[in-house]
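Asker: 3D, please:
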Amino acid sequence: MKKALVVVDVQMEYFPTGLYLQWDVERALDKTIKAIQHFLEKGDLVIVVQHIAGQESPIFNPSGTGIDIHPAVLAEAVDAPIIVKAHADSFLNTNLNDVLQEHAIDSIVVCGIMTQNCVTHTAISSSAANYQVQVLAEACTAPDEMVHNIALAALNDRVELISLNQL
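Answerer: Predicted coordinates for the structure are as follows:
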């Protein structure tokens, strides 16, 4: 089984200098970095997803720094393909599926920001049905703890939730 880690929207918009600070974001970042390191040590693929909205959007505006992928992610995932998206679903109108197929991936682990939005939409995308999907719950976050936990409970009906020690 060939696995890939799909790191969704770990971008500066969600950190203290951005416009939409997320709950416990530094913990989620730390767990994401550990997951990236684990995948790379095993020789597995890491894919970074970057959300860029239109000029009219207040967040992820292409003219701002909020769209920047967190430097800690870039420092770890130096050679990772970067998938640019404009929708919650990382597969929608992107080349994510092509990259996964090119690397003969049959299993993906999704993590990132926001649990209730882009992580969920990516994990349950109709395109994700081609893969065994897991969500690395501790490497995700949302605007607040309650939203995060509600989203994980709903996701658990559709995909397996895992922790770092299950990688």
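
Asker: check contacts around the residue in the chain sticking out farthest from the centre.
Answerer: Within the chain, residue 56 marks the point farthest from the mean C-alpha position, 23.7 Å out by CA atoms, centre = their mean. By CB atoms under 8 Å, 6 or more residues apart in numbering, the contact list for residue 56 is empty. (Each C-beta comes from the backbone N, C-alpha and C, glycine too.)

Asker: look up how far residue 97 lies from the residue lying closest to residue 114 once chain neighbours are set aside.
Answerer: The spatial neighbour of residue 114 that comes closest, neighbours along the chain excluded (CB to CB, 6 or more residues apart in numbering), is residue 142 at 4.9 Å. Counting by CB to CB, to the nearest Å, the separation of residue 142 from residue 97 is 25 Å.

Asker: when those two are compared, which one has more neighbours?
Answerer: residue 142 (25 against 17; other CB atoms under 10 Å).

Asker: shouldn't that one be in contact with residue 151?
Answerer: Yes - counting by CB atoms under 8 Å, residue 151 is a contact partner of residue 142 at 6.1 Å.

Asker: in its sheet, what does the longest strand anywhere in the chain sit against?
Answerer: Ordering each strand of the chain by length in residues (DSSP state E) puts strand 132-141 first. In the sheet containing strand 132-141, its partner strands are strand 107-113 (parallel), strand 160-162 (parallel), by DSSP bridges.

Asker: check those strands for me and report the most buried one.
Answerer: Mean neighbour count, computed with mean count of other CB atoms under 10 Å, is highest for strand 107-113 among those, reaching a mean of 26.

Asker: how far does the helix or strand that it is followed by sit from its chain's centre?
Answerer: Downstream of strand 107-113, the next assigned helix or strand under DSSP states H and E is helix 120-123. Chain-centre distance of helix 120-123: 9 Å, with CA atoms, centre = their mean, to the nearest Å.

Asker: can you tell me which helices and strands helix 120-123 packs against?
Answerer: helix 145-155 (3 or more CB pairs under 8 Å, 6 or more residues apart in numbering; DSSP states H and E).
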